[in-house]
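K.L.:
This is a predicted model, with the sequence first.
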Amino acid sequence: MCIGDFIFLSAQLPLDPETGKLICEDFKEQARQCFRNIKALLQRCDLPLNYVLQTTVYLTEMDRLEDLDDVYAEFLVEPLPTRTVVGAASLPFGAKIQIEAYCIDCRALEVLCAGEEEECCDGSVCEL
């Protein structure tokens, strides 16, 4: 859902978009598939993953945080989006992970700020 420049992506499960089925049982691969699904949705808006501002991650195994950090580093770059991790007793299709994302399309602001950083940017808004 897009509201103005904000893009709200409902929680993505590690499902194969072609079959709609869970891809496998491996946690890291499930996390990668969630990010591949998020990336594909953002590509529809011509946006890369660095426009993700915040994620909420639902895990059935909270001891997998280190593995989650590894996969995060594969897909996202500094500055990393803020993240909330929530423990869940179970997730649809028996998934071990589910990720929702909030993004902003600030390309128009970036164009406006190009070359005029001192006049329109406070140093944080234009740094995506």
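P.N.:
Sure thing, it's come through. These numbers were taken from a predicted model, which means no experiment stands behind them.
K.L.:
Can you identify the element that follows the least confident helix or strand in the chain by mean pLDDT toward the C-terminus?
P.N.:
Between all helices and strands in the chain, the lowest mean by mean pLDDT, DSSP states H and E belongs to strand 2-3, at a mean of 50. The element immediately downstream of strand 2-3 (helix or strand, assigned by DSSP states H and E) is strand 6-12.
K.L.:
and the next element down the chain from that following strand?
P.N.:
helix 27-43.
K.L.:
Would you mind getting the angle between that next one and strand 6-12?
P.N.:
Here the directions of helix 27-43 and strand 6-12 differ by 150 degrees (axes from the mean of the first three to the mean of the last three Cα atoms, to 10 degrees).
K.L.:
buried ones in helix 27-43?
P.N.:
27-28, 30-39, 41-42 (16 or more other Cβ atoms under 10 Å). The way it works is simple: take the backbone N, C-alpha and C, and place the C-beta from them, glycine included.
K.L.:
start to end distance for stretch 84-92?
P.N.:
19 Å (Cα to Cα, to the nearest Å).
K.L.:
got the contact list for it?
P.N.:
Contacts of stretch 84-92 with the rest of the structure, by Cβ atoms under 8 Å, 6 or more residues apart in numbering, involve 13, 54-60, 62, 65, 68, 97-98.
K.L.:
Would you mark the buried spots in it?
P.N.:
residue 91.
K.L.:
if we can go back for a sec, return the subset of the contacts of stretch 84-92 lying in strands.
P.N.:
Mapping the contacts of stretch 84-92 onto strands (DSSP state E) picks out 54, 55, 56, 57, 58, 59, 97, 98.
K.L.:
what's the neighbour count on the fourth one?
P.N.:
The number of residues packed around residue 57, counting by other Cβ atoms under 10 Å, is 21.
K.L.:
what residues are up against it?
P.N.:
Per Cβ under 8 Å, 6+ apart, neighbours of residue 57: 68, 83, 84, 85, 86, 97, 98, 99.
K.L.:
quick one: average confidence on whichever helix or strand the third one is part of?
P.N.:
Just to be clear, that refers to residue 84. According to DSSP H and E, residue 84 maps onto strand 82-87. Strand 82-87 shows a mean pLDDT of 97.
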